[in-house]
Each structure stands twice: as C-alpha cells, then as structure tokens.
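S.K.: sequence first, then the predicted structure, then my questions.
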Amino acid sequence: MSADTLPVTGTSGFSRWANNHRKWLFASPAMAFVAVLIIFPVAWTLYLSLTDAEGSVRAEKEFVGGRNYLDVLSDTARFWPAVWRTVQFTGVVLIVEVVLGMAIALLLWRPFRGEKWVRVAILMPLVATPVAVGMMFRLIFDPNIGLANQVIGWFGIPAQPWLAGETSALWTTMLIDIWQWTPMVVLILLAGLTSLSDEPQEAALIDGASGWQRFRFITLPLLMPTVLVAVLLRGIDALKTFDILYATKGKGGGSYHEVETLNVYAYGLSFDYNEYGTSSTVLIIFFLLIIGSMWVLTSRRKADY
Amino acid sequence: MRSGTAYKAFRVGALVLVVVGLLMPLIWMVAASLKTNVDIYDTSKALLFSPTSENYAKVLDQANYVTFILNSLWVAFASTVLSLLLGVPAAYSMSRFAMKRSALVVLMARVIPGVSLLVPWFYVFSNLKLVGGFTVLILSHMFVGLPLVVYIMMGYFDGMPLELEESAQVDGLTPIGAFRRITLPLSTPGIATAGILAFIFSWNNFMFALVLSGADTKTLPVAIFNFVGYAAIDWGGLMAAATVVTVPIMLIALFAQKYVVSGLTAGATKG
C-alpha cells in the first residue's frame, strides 16, 4: 500500500486534488446511485408500512403506527399461506438443486471426451430468459398437448394436471426452477471441485478408501465452503422467485393463489390493488425473513470453520 | 480412480440423461415455434412435421416485435455501459482501500426484493412523469447491473498484484494515471465478464419493465405476454416470441462461454 498512500505532488492543482482524493472520487458516483435508488426506497418502504397509503400515488395518507403489521400478521387467508408457500418452494428447490447439482458436478469433475458440449448444455437453461422459460413450460406441462404427459405416459403413469391443478401447480413451478437453476449449482460446485488439491484423494486411495468414503470424508468436507456459497446464492434468489410464477400462473399466483409466494403477494398488493401500505408491510416482513435466513446460514458457516 | 467399465457406462448414460433433460425443453420450444397451431395440437406430429415460418412472420410483422427487440437492446446496452462506468472505478476503490462497509451496502442490492424498490420508484417517478420512458427503465436495470459489476470487478482487482501500479508510479505516473494506463487495460477480461453478465441480466429482467415500461418502451420479456389472451393462447406465436427472446442470449453464452461461466461463479471458491 506504500505507493498508494503517498501524497501526490508536483502536478497541477486539480490533478493533485483528484489523485489525493481518488478513493472517494472513484467510489462516490456508485455510492450516490445506491443511496438515491436503493437506500432511500428501502427507507420509504419502511415509512409506507406505517401508513394507510392506498389508491392513487398522489392520494393523502395517514400514519397508522403498527396497525398494518397487526393486520398482516393475523391474516390467515392470504399472508400465512404465502409465507408457507415461500418456505416450501425455497426449501424443496434448494435441497433438490444442491443434491442434484452435486451429483452432476461429480459426473463432470474428471475430464472426458465431449466435455465442452456438456458444459454448453449446462449453461443454456441458466442464461435463458426466465419469462420465456415459464412460457415454454406452460406448453410442455399442458395437460392435453404437453410433452410431460406424453413422456410419463411411456412409463404407464397417468396424465397429471401439472400447472392446472390446485395442489400440483406449486410443485410444477418447483420443477421449472430446478430445471433452470440446478446448472448454477453445478457451475459453482465444479469451480470448487477443480480448485481442490489431489493429494488428500490420493492418500485416501492408497489407504484403501472406497469411492463413497472418499466423497463423504474428503471431498465433501473440503467442498463445504463452496456448497454454502451455492446455498446462499440460490437461497436468496429462490426466496425472491417471481418471473416463472408470474409467467405460468399470472396475477395473484393463479385463480386460487396456488403459487402465490410472498414476492408475488407483495407485487399484487402494490400493482394490482394499489394497497401500498399493506404491501410495504409484507415487504418489510419478507426482507426480515431473507436477512434472517442469510444470517442463520452465515453464522453456521462461522461456527463450522 | 473409479475406472471400471461399469462405472464408465454409468457415467456416459448419466451424462446423456443430463444433456437430454436440459436441452429437450428448449428444443421443444424451438420445434413448436416452427409448427402451425394445428400441428402443435396433434401429438403424433411431435417431432416429424413440416416447418413453417408463419409464427415468426406474425411475431416480427404484426406483433411489432422489432420495436421491442430494439427497446430491449437499448435498455440492456445503456444500463450495462452506465453500470460499468460507475461500477469499475468504485470496485477499484473498494478493493484497493478495503472499503468493506461500502462494498457491503452495494452488494445488499442483491438481497433486497425488487418489489420493495418498485413501490417508491413508482411513487417518485410517476410524480416526475417519467414512468413509461427509457430513463426509468435504464436506471432500474442498473440496480441489477451495478452490484454485479462491483462484485465481479472487486474480485478481479483483489487478485491483481499491486506491484504493477507501484512500479508505474515509480516511473512517474500519478495514481490515477497508473489506474488508467496500467490497471484498466489489464482488466479487460474482467470488464468483459462483468459487462456480458450485466447485459444478460438486464435483457432477462422482467419485473421492472412490467411496472415501469409504457406501450412504446416495452422490453421483450414483457411483450411476450401479448400472445397470452384470456380465452386462448396462440402457442405457435408464443413459442416464436419466447425463442426470439432466448436465442440471442444463448448465442452470447455460446461464444463467450468462458466469460459467462467465470462471471457466474465469481467469488464461489473464496469461501
């Protein structure tokens, strides 16, 4: 850092000033953007959650204290089911994506012929536009003309309602999320696997450890920090899933709100019903849920390592 | 290692299954986009059909998709360039001066649900009569791009040796000069990675444009909904529209695979 902290002398006034203050000169435009477009809105959401704002954005609003929070937290018709769906969706896709992602990453770990093409295939779902993916699976899961019912028909499984069913809709959206985002877990875990050194593996091999033992007692513990990164990144995004839910089931998560998660619920409250106060309350609770789960994950990580 | 023939056969089989599972839905989408609606309803013509371009003609001519493609391109391009302009120097400062807390604030943007920003933005921007214009769309997409650029570039600058800049300064360059003439040119791969990812994420973004775009400024992910009616869905048109959105991004991923992968996995192995 020595050269970085030396004051600059001998050039023109402005250049000297710019060089000596470059730390803030470089950082402040981005920081200002973040302050105006992110911190201010979050503070504003917190304020709105304490008011009865609704209707037009120019309408008068009154401060109502914690009343919205009491209303929302005692709402067993829309709010709590949405919380449960969010937790269910995130829990299921996280577990499946990490287990499946780990299996695929291990398959790809050692070099093989055609590796390049498999990697391209893995990248495709990941970059595909989520809304288009939702539309694509609407056709695939169509009960009458969809590919899904044809494929399970080959195995003698009766046709399913998929997205059209009141209980099967949420599970079907989970399948879509798993299709699109398992590759993300694969890429992260592969990056972790390739950075591992070979020596512990070789030592265990000489000691006669089986394939499963080498995975369970050597690869997995060494890879654990990377697994947690994958869980953290995927978990945040899974909690906030919106695009595929909206693309497959439309407003309000379908006519029976069958895929209405917290994010979809908050969106509907704001932009379908214009209930900004209630919506902001839901968002603040949602935000606390996200921060809370991140905190649990990262503190576990510190305790373990 | 595990090199028995049984394991080899299992591995090949499993890999084929993975590739088919990942690509089949996409192939299905493209195939349906080349079928007439009559053929889509005929399950016996799943893969054997006579291709037609009528869906694409419909998408490009009648549905006015050329405008939406240009909108998407402009919003993604402008928000990416602005994110890079703000993000790269900021990431440099945050990396070199270890501004941990400032970096954390920028990265929080990845955690905050987009809806909680949309409500206040909608409030403020509709009072400024800006909703429906490109300015708001580009600003909102920077919310996605900027944290990504800062995150990727901080990792890149962290891994770059300080000695290069120090020797440039010994040779008479000012610190900003050393940044401009030494560090920046050496960071081209990092900047390419960050730029490509910011572009992809802006192109794919749906929620901000859903609320903030107007009839003339719709981006492609929002425009797809034109093919979903209340009564019936025009499957052929819908799949052609979905293909038009997805294929450009998949081509980018194909040709810039190395950058896309390194951007997506940035920071994954730091633990």
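M.R.: Looks like it came in fine.

S.K.: show the pLDDT at the closest residue to chain B within the stretch 151-300 of chain A.
M.R.: Chain B sits closest to residue A:225 of the stretch 151-300 of chain A, with a gap of 3.5 Å, by C-beta to the nearest C-beta. To be clear about C-beta, it is placed using only N, CA and C from the backbone, and glycine gets the same treatment. pLDDT recorded at residue A:225 is 90.

S.K.: surely it is in a helix?
M.R.: Yes: applying DSSP: H, G, I helix; E, B strand; the rest coil, one finds residue A:225 inside a helix.

S.K.: contacts only, for residue A:250.
M.R.: Contacts for residue A:250 (C-beta atoms under 8 Å, 6 or more residues apart in numbering or on different chains) come out as residue B:228.

S.K.: how close does it sit to residue A:79?
M.R.: 20 Å (C-beta to C-beta, to the nearest Å).

S.K.: next one: residue B:174
M.R.: 57 Å.

S.K.: how about residue A:95?
M.R.: 25 Å.

S.K.: got it, and residue A:88?
M.R.: Note on residue A:88: its distance to residue A:79, by C-beta to C-beta, is 15 Å.

S.K.: the more surrounded of those two?
M.R.: residue A:79 (21 against 14; other C-beta atoms under 10 Å in any protein chain shown).

S.K.: my read: the more buried one touches residue A:69, true?
M.R.: No: under the criterion of C-beta atoms under 8 Å, residue A:79 makes no contact with residue A:69, lying 10.8 Å away.

S.K.: give me phi/psi at residue B:234?
M.R.: Dihedral pair for residue B:234: phi -80, psi 90, per degrees, to the nearest 10.

S.K.: and it, what's its pLDDT?
M.R.: Residue B:234 is given a pLDDT of 88.

S.K.: what about it, neighbour count?
M.R.: Residue B:234 is flanked by 19 other residues according to other C-beta under 10 Å.

S.K.: kindly report the same for the one 4 residues further on.
M.R.: The local packing count at residue B:238 equals 25, with neighbours defined by other C-beta under 10 Å.

S.K.: domains in chain A, by residue range?
M.R.: A:2-48, A:69-304 (automatic domain parsing).

S.K.: tell me the phi and psi of residue B:213?
M.R.: phi -90, psi 160.

S.K.: need the contact list for residue B:248.
M.R.: By C-beta under 8 Å, 6+ apart, the contact list for residue B:248 reads residue B:203.

S.K.: check which helix or strand it maps to.
M.R.: helix B:235-255 (DSSP states H and E).

S.K.: check what pLDDT the closest residue to residue A:29 other than its chain neighbours gets.
M.R.: Sequence neighbours aside, residue B:86 is the residue nearest to residue A:29 in space, at 4.8 Å (criterion: C-beta to C-beta, 6 or more residues apart in numbering or on different chains). pLDDT, residue B:86: 95.

S.K.: can I assume residue B:86 is in contact with residue B:148?
M.R.: No: under the criterion of C-beta under 8 Å, residue B:86 is not in contact with residue B:148, lying 12.0 Å apart.

S.K.: double-check that residue B:155 belongs to a helix.
M.R.: Yes: assessed by three-state DSSP, residue B:155 belongs to a helix.

S.K.: mind pulling up the pLDDT for it?
M.R.: Residue B:155 carries a pLDDT score of 89 in this model.

S.K.: what count of nearby residues applies to it?
M.R.: Residues lying near residue B:155 (other C-beta under 10 Å) number 20.

S.K.: over to residue B:191?
M.R.: Using other C-beta under 10 Å, residue B:191 has 19 other residues around it.

S.K.: for it, give me its contacts.
M.R.: By C-beta under 8 Å, 6+ apart, residue B:191 lies in contact with B:84, B:88, B:153, B:184.

S.K.: give me the nearest residue to the second one, chain neighbours excluded.
M.R.: When the adjacent residues along the chain are set aside, residue B:88 lies closest to residue B:153, with 5.5 Å between them (C-beta to C-beta, 6+ apart).

S.K.: wait, is the residue nearest to residue A:29 part of a helix?
M.R.: Yes: applying three-state DSSP, one finds residue B:86 inside a helix.

S.K.: which residues touch it?
M.R.: A:29-30, A:33, B:142, B:146, B:149.

S.K.: now restrict the residues you listed to buried residues only.
M.R.: A:30, A:33, B:142, B:146, B:149 (16 or more other C-beta atoms under 10 Å in any protein chain shown).

S.K.: hmm, the fourth one is touching residue B:105, no?
M.R.: So the one you mean is residue B:146. No: counting by C-beta under 8 Å, residue B:146 stays clear of residue B:105, with 11.6 Å between them.

S.K.: shared neighbours of these two, anything?
M.R.: Residues touching both residue B:146 and residue B:105 (C-beta under 8 Å, 6+ apart) are residue A:34.

S.K.: once you drop chain neighbours, what's closest to the most centrally placed residue in chain A?
M.R.: Ranked by distance to the mean C-alpha position of chain A (C-alpha atoms, centre = their mean), the top residue is residue A:237 at 0.9 Å. Spatial nearest neighbour of residue A:237, excluding adjacent residues (C-beta to C-beta, 6+ apart): residue A:181 at 7.3 Å.

S.K.: now do the SS call for that neighbour.
M.R.: Going by three-state DSSP: residue A:181 is helix.

S.K.: which residues touch it?
M.R.: A:93, A:97, A:125-126, A:234, A:237-238.

S.K.: for the lowest-mean-pLDDT helix or strand in chain B, buried residues please.
M.R.: Every helix and strand of chain B was ranked by mean pLDDT, DSSP states H and E. The lowest is helix B:100-107, at a mean of 80. Buried residues in helix B:100-107, counted by 16+ other C-beta under 10 Å: B:102-103, B:105-107.

S.K.: quick revisit: ok, the contacts of residue B:86 vs residue A:221, which is closest?
M.R.: The closest of the contacts of residue B:86 to residue A:221 turns out to be residue B:149 (C-beta to C-beta; 33.8 Å).

S.K.: which non-adjacent residue is nearest the closest one?
M.R.: Excluding its sequence neighbours, the residue lying closest to residue B:149 (C-beta to C-beta, 6+ apart) is residue B:87, at 3.2 Å.

S.K.: and that neighbour, how close does it get to residue B:191?
M.R.: Plainly put, residue B:87 is 10 Å away from residue B:191 if you go by C-beta to C-beta.

S.K.: counting neighbours, what do you get for the residue of the stretch 151-300 of chain A closest to chain B?
M.R.: Neighbours of residue A:225 (other C-beta under 10 Å): 16.

S.K.: from residue A:196, how far out is it?
M.R.: Going from residue A:225 to residue A:196 by C-beta to C-beta gives 11 Å.

S.K.: in chain B, which residue is most central in space?
M.R.: residue B:200 (1.6 Å).

S.K.: what's the angle from the host helix or strand of that one to helix B:235-255?
M.R.: Secondary structure assignment for residue B:200, by DSSP H and E: helix B:188-204. Put simply, helix B:188-204 runs at 170 degrees to helix B:235-255, going by axes from the mean of the first three to the mean of the last three C-alpha atoms, to 10 degrees.

S.K.: just the pLDDT at residue A:8, thanks.
M.R.: In this prediction residue A:8 is given a pLDDT of 59.

S.K.: quick one: residues contacting residue 217.
M.R.: No chain specified, so I'll use chain A. Counting by C-beta under 8 Å, 6+ apart, residue A:217 makes contact with A:204, A:209.

S.K.: chain B was what I was after
M.R.: Going by C-beta under 8 Å, 6+ apart, residue B:217 touches B:71, B:132-134, B:137.
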